[in-house]
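Asks: Turn this into a model:
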Amino acid sequence: MKNLLIIGAGQYGMVAKEIAESMKCFEKIDFVDDVYPSAVGKICDINKLIHEYDSAVVAIGNTELRLNLIKGLCEIGYEVPTLIHEKAYVSPSAKIGIGCFIEPMVVVHTAVSVETGCILSAGVILNHNSVVHEGCHINCGSVVKARAEIKAGTQTGYNEVCDTEKVEHMKQHEKLPVAV
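Replies: Model (predicted):
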């Protein structure tokens, strides 16, 4: 069993914890947070905690900060898993990047690609052959149409239908590793 460290104990942190618990693969799950009183440390302590926690995820809404922290966790040597709720469906042909959160009732169809650090909220549907670039937050009930490409850092509204209006090529910066 692995030990998971969640960076951020706010609303995203609580969601991440519940998803991680549903996966039943972590022996211990704790938070680091600069203000949460029950955290095992502050964000600046992540270097010191690598010997106690082999895995870490970033549960912070700010996209740029989330992606920078994911990159830092990789450099330190943490495994950065993707958290997939037991009640989500992810096609075997989908490719999901590291550090993503996939909430309950999400459907990720055939040949979908979701890059690093994305949050797929409850009830999202990513139709076949769509691409969600890094750092996106696809909000509750939203649908990404088949073959749509969602630009990096996009945050959708609730129940939004995403098609060519959200299409834009990814910003040109260093891409992080993709888990299979």
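
Asks: Going by C-alpha atoms from here, please, whenever you check contacts or count neighbours.
Replies: Noted.

Asks: low-scoring stretches of this structure, by residue?
Replies: 164-180 (pLDDT under 70).

Asks: go with 90
Replies: With pLDDT under 90 as the threshold, the chain has low-confidence stretches at 1, 163-180.

Asks: Ignoring the adjacent residues along the chain, who's closest to residue 162?
Replies: What sits nearest to residue 162 in space, not counting adjacent residues and going by C-alpha to C-alpha, 6 or more residues apart in numbering, is residue 144, at 4.7 Å.

Asks: Could you check how far the one you found is from residue 74?
Replies: 29 Å (C-alpha to C-alpha, to the nearest Å).

Asks: tell me, what residue is most central in the chain?
Replies: By C-alpha atoms, centre = their mean, the mean C-alpha position of the chain lies nearest to residue 100, the distance being 1.8 Å.

Asks: Please tell me I have it right and it contacts residue 132.
Replies: No - applying C-alpha atoms under 8 Å as the test, residue 100 and residue 132 come out as separate, 11.2 Å apart.

Asks: so what sits against both of the two?
Replies: Common contacts of residue 100 and residue 132, defined by C-alpha atoms under 8 Å, 6 or more residues apart in numbering, comprise 115, 118.

Asks: Reduced to three states, what does residue 117 come out as?
Replies: coil (DSSP: H, G, I helix; E, B strand; the rest coil).

Asks: That one against residue 102, yeah?
Replies: No - counting by C-alpha under 8 Å, residue 102 is not a contact partner of residue 117; they are 10.5 Å apart.

Asks: Looking at the two, which is more packed in?
Replies: Taking other C-alpha atoms under 10 Å, residue 117 and residue 102 do not tie; residue 117 has more neighbours (33 against 29).

Asks: Please tell me how far the more buried one sits from residue 37.
Replies: Going from residue 117 to residue 37 by C-alpha to C-alpha gives 26 Å.

Asks: Next: residue 155.
Replies: Separation of residue 155 from residue 37 (C-alpha to C-alpha) stands at 29 Å.

Asks: Mind checking which of the two has more residues around it?
Replies: Remark: of residue 155 and residue 37, residue 155 carries more neighbours, 17 against 12, as counted by other C-alpha under 10 Å.

Asks: How about that one, nearest residue that isn't a chain neighbour?
Replies: With sequence-adjacent residues excluded and distances taken as C-alpha to C-alpha, 6+ apart, residue 155 is closest to residue 137, at 4.6 Å.
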